[in-house]
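*Asks:* my questions concern the predicted model and sequence given below.
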Amino acid sequence: MEKAKTLSLDITLKRKEDFKLQIAMQLPLSGITGIMGVSGSGKTTLLRVIAGLEVDAVGSLSIGDVKWLTDNHHVPVHERAVGYVFQEASLFPHLTVQQNLDYALKRAVSKSTESEQAHLAQVLGIEHLLSRMPHELSGGEKQRVAIARAIFRRPRLLLMDEPLAALDSQRKQEVLPYIEKLTREIQIPILYVSHSIEEVARISDRVVYLENGNISAIGEPNNILARLGPEASELGGMGTAVAGEVMEELSAWQLTRVNTPLGDLIVPNLSASKGSTVKLFIKANQVSLSLTAMSDSSALNSFKGRISNIVTNESSALATVTIDINGIELVSSITRLSVHNLALTNGMTVWATIKSAPLVR
Ligand SMILES: Nc1ncnc2c1ncn2[C@@H]1O[C@H](COP(=O)(O)OP(=O)(O)OP(=O)(O)O)[C@@H](O)[C@H]1O
């Protein structure tokens, strides 16, 4: 990996007797890196170390050619060019959106230019909100303003800690596309902490999975998410992310046909324009398996594939079966009893049926 475009860290932080964060990794300074793990695994602590908020962290940390932490130097928080977005937007209630942004700008070491600010306001869709007071904004709008405030300081890196956790699912769906646009249109690398597999699968280019202060897996979202064990249920359930192109609206049926590497998927109406790219998340518990093609079933989406992995655990009723369909690893969660009854084994050909309802954009 080219050093100038890499975030490198090799750090240790002993928090208390039973928790030590010990992370060594190199991440490309591009796109979105999802940081996942169950509660208490160290996600927030990792972001705090990178931001410079943990003065007891030891080791090395550099962003491109700039060293933020070495054996004998700790660059203080205000000199690290990072933007931080938390769960709560925390805007000043007595200032307008514009005044909130100006306030942040006045205190910034590095400031964006007026044209950069205008572009950012447009990317985040907040141009029309600038004269409003925070109490006149929805939760999603507040979060978009908080993101703009963080980026006005021209950070090298944007740290987001559960930025959507306080929003309901409709607002989440509303804000996610703006976050995705940031890495494309502003080219700002993002570290994105989330509890939600769905969110991370949808927006991340890579995932770092933490367990008890250590990295237990790092790589492509699907590879990581498919390997999660029982902890996946705390994270909203396992699943598979697939990107696809919107082919047509079946408006009479309130459905949309999306072409994906699995084949054509019929999903609830996405209201997305024809030709646009969407990401779908297929929950593992919505994928059933059969040995023959089912022609008399109500399910619309059925695909032929080959079993590439079966994980069972005698203490659990459920098994995780991975099916390779045109190179996509589709994860299915079915009972161990079904694996036994169908005598499923690696390499076997099966039909995977996806209920159309649970697909999300
Ligand atoms: N200020 C603190 N002092 C001592 N220990 C702390 C402090 N903050 C967090 N911890 C501990 O450090 C560990 C990691 O916490 P951290 O908040 O990084 O986890 P997390 O993965 O972000 O969790 P969550 O998903 O619940 O936010 C936990 O054991 C936690 O109890």
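*Replies:* That came in fine, so what should we check first?
*Asks:* CA atoms of the strand or helix carrying residue 44 as CSV?
*Replies:* Assessed by DSSP states H and E, residue 44 sits inside helix 43-51. Extracted C-alpha coordinates of helix 43-51, given in CSV (Å, rounded to 0.1, in the frame of the first residue of the first chain):
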residue,chain,number,x,y,z
LYS,A,43,-14.8,0.7,18.5
THR,A,44,-15.2,4.1,20.1
THR,A,45,-11.9,3.7,21.9
LEU,A,46,-10.2,3.1,18.6
LEU,A,47,-11.7,6.3,17.1
ARG,A,48,-10.6,8.2,20.2
VAL,A,49,-7.1,7.0,19.9
ILE,A,50,-7.0,8.1,16.2
ALA,A,51,-8.5,11.5,17.1
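*Asks:* so for whatever helix or strand comes next after it, mean pLDDT?
*Replies:* For helix 43-51, the following helix or strand on the C-terminal side (DSSP H and E) is strand 58-63. In this model, strand 58-63 has an average pLDDT of 95.
*Asks:* report the secondary structure state of the closest residue to the ligand within the stretch 151-300 of the chain.
*Replies:* Relative to the ligand, the nearest point of the stretch 151-300 of the chain is residue 195 (5.9 Å; CB to the nearest ligand atom). Bear in mind the C-beta positions are built from the backbone N, C-alpha and C, glycine included. Using DSSP: H, G, I helix; E, B strand; the rest coil, the secondary structure recorded for residue 195 is coil.
*Asks:* I figured it hits residue 162, correct?
*Replies:* Yes - if you go by CB atoms under 8 Å, residue 195 and residue 162 touch, sitting 6.7 Å apart.
*Asks:* picking that back up, any idea of the pLDDT on the residue of the stretch 151-300 of the chain closest to the ligand?
*Replies:* Reported pLDDT for residue 195: 82.
*Asks:* run a quick neighbour tally on it.
*Replies:* By other CB atoms under 10 Å, 17 other residues sit near residue 195.
*Asks:* and it, how far from residue 40?
*Replies:* According to CB to CB, to the nearest Å, residue 195 and residue 40 sit 12 Å apart.
*Asks:* kindly report the same for residue 122.
*Replies:* 39 Å.
*Asks:* kindly report the same for residue 96.
*Replies:* Separation of residue 96 from residue 40 (CB to CB): 39 Å.
*Asks:* helices or strands up against the helix holding residue 44?
*Replies:* Packing partners of helix 43-51 (3 or more CB pairs under 8 Å, 6 or more residues apart in numbering; DSSP states H and E): strand 6-16, strand 19-28, strand 32-36, strand 82-85, strand 157-161, strand 190-193.
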